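S.K.: Next comes the sequence, and after it the predicted model I'd like to discuss.
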Amino acid sequence: MKYRKLGRTGLEVSALCLGTMTWGTQNTQAEAHEQMDYAVGKGINFFDTAEMYPTNPTSAETQGATEEIVGNWFRETGKRSDIVLATKATGPGPKWIRDGAKLGREDIVAAVDGSLKRLGTDHIDLYQIHWPNRDSYHFRQSWSYDPSTQDRDEVVTEIHDILRGLDDAVKAGKVRHVGLSNETCWGTSQYLAIAEREGLPRVQSVQNEYSLMQRLFDLDMAELAHNEDVGLLAFSPLAAGLLSGKYQGDVTPPGTRREAKADLGGRLTPLSLGVVDEYLAVARKHQLDPCQMALAFCLTRPFMTAAIIGATSMSQLRTDIAAIDLTLDQSVLDDIQAVYRRFPVPM
């Protein structure tokens, strides 16, 4: 395994982070524990979860089950101290989590306490804001994104309030470090500026989508990541499984995410299936597993702290973790770049 610095925390985290969002719906607790055992055995020391998990689908009945599964593993193995544990506070949306309201200072305190209880631990190493209170361009919202409707003073006030809640949790010893998710360059810069001015917790990472099919982070966010030491934790590095090729021909294999989300959250379109064909051809040309090629590419990016891998089977997990040993030569990178130049935003 390879390890990288998490922001300015001094922590070293595995370049592959174990994602958990299917545990409790697509995966049983026993399957999840097998995944954790195997991942740790291969050197992974970084787990990412969220209070809203599991997904595929999300529901009031299952909400929090993933954190409980992780907590049960900690209790059974005694390996809590071996893991850098990340989780997230849900923002506006699901009505079964704080009535779907925006996040504020008091909500952070309540969310942290709930996660600690489910996880069976006394602290969270990296506590993240799952998505902003305001609209953002993530999850295929870029096609209608319009920040001109924002009230700057309102947004800045809300960020300040969230930071105060995070500060409460840090001072209480419940949270060690903080991060963001599904954020923009301007939003992240506001968190950084307010924290520096007010002596509040500094953002150490941003968890945004990144893959061969989704490379918006290459632009302004990459500049911010470099200059501010705020690295990327990339979710969906396989584009929700698209890059494995299993959906080619517009099929729905049994037990896959597409059974719960027919368009994979807007990722699966006639265009994107065609672009996947292009990347699969690159993998075939160079005799590479397409999943390993996609993950290895993510790890070449200078702003990448970790790529978050999620699997519903042990065979998938073994394939993904083996990507850590793959180095892409320049001819592969050139072929990837050629596809990217033709299809920069395919979904």
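M.R.: Thanks, I have the structure now.
S.K.: got the residue ranges for the strands in the chain?
M.R.: 3-5, 12-14, 16-19, 46-48, 84-89, 124-129, 175-181, 203-209, 231-235, 304-309 (DSSP state E).
S.K.: Report the buried residues of the longest helix anywhere in the chain.
M.R.: What stands out as the longest helix in the chain, according to DSSP state H, is helix 152-171. By neighbour count on 16 or more other CB atoms under 10 Å, the buried set for helix 152-171 is 155, 158-170. Where C-beta positions appear, they are placed from N, C-alpha and C, glycine not excepted.
S.K.: now swap in stretch 44-62 and tell me
M.R.: Applying a neighbour-count criterion of 16+ other CB under 10 Å, one finds 44-56, 58, 62 buried in stretch 44-62.
S.K.: same check, this time on stretch 142-149
M.R.: By 16+ other CB under 10 Å, stretch 142-149 has no buried positions at all.
S.K.: ok now the longest helix of the chain, how far from the chain's centre?
M.R.: The chain centroid and the centroid of helix 152-171 are separated by 22 Å, computed with CA atoms, centre = their mean, to the nearest Å.
S.K.: same for it, what does it pack against?
M.R.: Counting contacts by 3 or more CB pairs under 8 Å, 6 or more residues apart in numbering; DSSP states H and E, helix 152-171 is packed against helix 105-119, strand 124-129, strand 175-181, helix 185-198.
S.K.: how about a cut-off of 10 Å?
M.R.: Applying 3 or more CB pairs under 10 Å, 6 or more residues apart in numbering; DSSP states H and E, one finds that helix 152-171 makes contact with strand 84-89, helix 105-119, strand 124-129, strand 175-181, helix 185-198.
S.K.: what bits of the stretch 101-250 of the chain have low per-residue confidence?
M.R.: For the stretch 101-250 of the chain, no stretch is flagged by pLDDT under 70.
S.K.: Centre of this structure to the edge, which residue is at the far end?
M.R.: What lies farthest from the middle of the chain is residue 285; by CA atoms, centre = their mean that is 29.8 Å.
S.K.: Specify the angle between the longest helix of the chain and strand 203-209 in degrees.
M.R.: 110 degrees (axes from the mean of the first three to the mean of the last three CA atoms, to 10 degrees).
S.K.: mind checking how far the closest residue to residue 119 other than its chain neighbours is from residue 328?
M.R.: Excluding its sequence neighbours, the residue lying closest to residue 119 (CB to CB, 6 or more residues apart in numbering) is residue 71, at 4.3 Å. Distance of residue 71 to residue 328, given as CB to CB, to the nearest Å: 37 Å.
S.K.: What count of nearby residues applies to the nearest residue to residue 54 once chain neighbours are set aside?
M.R.: Nearest residue to residue 54, sequence neighbours excluded (CB to CB, 6+ apart): residue 24, at 3.7 Å. Other residues near residue 24 number 24, with proximity taken as other CB atoms under 10 Å.
S.K.: likewise residue 74?
M.R.: By the criterion of other CB under 10 Å, residue 74 has 19 neighbours.
S.K.: Residue 51 touches residue 111, doesn't it?
M.R.: Yes. Using CB atoms under 10 Å, residue 51 makes contact with residue 111 at a distance of 5.8 Å.
S.K.: Common neighbours of the two, please.
M.R.: 87-90, 97-98, 130 (CB atoms under 10 Å, 6 or more residues apart in numbering).
S.K.: picking up where we left off before, return the member of the buried residues of stretch 44-62 nearest to residue 17.
M.R.: Nearest to residue 17 among the buried residues of stretch 44-62: residue 46, at 4.1 Å, using CB to CB.
S.K.: so how far is residue 229 from the closest one?
M.R.: 17 Å.
S.K.: same thing with residue 5?
M.R.: For residue 5 relative to residue 229 (CB to CB), the value is 8 Å.
S.K.: between the two, who's got more neighbours?
M.R.: Neighbour totals were compared for residue 5 and residue 229, and residue 229 leads with 17 against 14 (other CB under 10 Å).
S.K.: what residue is smack in the middle of this protein?
M.R.: Note: the chain centre (CA atoms, centre = their mean) maps to residue 235, 3.5 Å.
S.K.: Right, I'll leave it there.
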